[in-house]
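**Q** quick one: sequence and predicted model below, then my questions.
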Amino acid sequence: MNTRVKVETKDEISRIKALQKEVEQLKKLLLKKDLDAMVEESYLEVAAEDLGYKSIAELKKS
């Protein structure tokens, strides 16, 4: 049977917890960024359609 022992100082444990918290915050920020981009894309699609354009690219060119 393989046994693994991990020795960490209090500072290391605090640092690990801080990094885990930062990773969670970054994941949430990335998710929000992706959702914002999807909403913006949807608004552009609706605007292009309402203004009579065939695509977003056509709207952006005008």
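**A** In hand now; what should we look at?

**Q** how long is stretch 2-10 end to end?
**A** 26 Å (CA to CA, to the nearest Å).

**Q** what strand or helix carries residue 49?
**A** helix 10-50 (DSSP states H and E).

**Q** what helices or strands is that helix leaning on?
**A** Applying 3 or more CB pairs under 8 Å, 6 or more residues apart in numbering; DSSP states H and E, one finds that helix 10-50 contacts helix 56-61. Every residue, glycine included, has its C-beta placed from N, CA and C.

**Q** and the contacts of the helix it packs on?
**A** For helix 56-61, the surrounding residues in contact (CB atoms under 8 Å, 6 or more residues apart in numbering) are 41, 44-45, 47-48, 51, 53.

**Q** do stretch 3-12 as well
**A** Under CB under 8 Å, 6+ apart, the answer for stretch 3-12 is residue 16.

**Q** any chance of the contacts of helix 56-61 in CSV, plus distance to residue 28?
**A** Shown next, in CSV, are the contacts of helix 56-61 (distance: CB to CB, whole Å):
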residue, distance to residue 28
41, 20
44, 25
45, 26
47, 28
48, 30
51, 34
53, 34
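
**Q** what's the closest of the residues you listed to residue 34?
**A** residue 41 (10.6 Å; CB to CB).

**Q** quick one on the thing from earlier: for the contacts of helix 56-61, work out which two are farthest apart.
**A** Top of the distance list for these (CB to CB): 41 and 51, 15.8 Å.

**Q** for the helix holding residue 49, what is the distance to the chain centroid?
**A** 3 Å (CA atoms, centre = their mean, to the nearest Å).

**Q** got it, and stretch 49-60?
**A** With CA atoms, centre = their mean, you get 27 Å for stretch 49-60.

**Q** Throw the contacts of helix 56-61 into TSV and include neighbour count, thanks.
**A** Shown next, in TSV, are the contacts of helix 56-61 (neighbours: other CB atoms under 10 Å):
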residue	neighbour count
41	11
44	16
45	14
47	12
48	18
51	10
53	17
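
**Q** got CSV for the residues you listed, with distance to residue 62 and pLDDT too?
**A** Converted to CSV, the contacts of helix 56-61 look like this (distance: CB to CB, whole Å; pLDDT from 0 to 100):
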residue, distance to residue 62, pLDDT
41, 18, 95
44, 13, 94
45, 15, 94
47, 11, 94
48, 10, 94
51, 9, 94
53, 7, 93
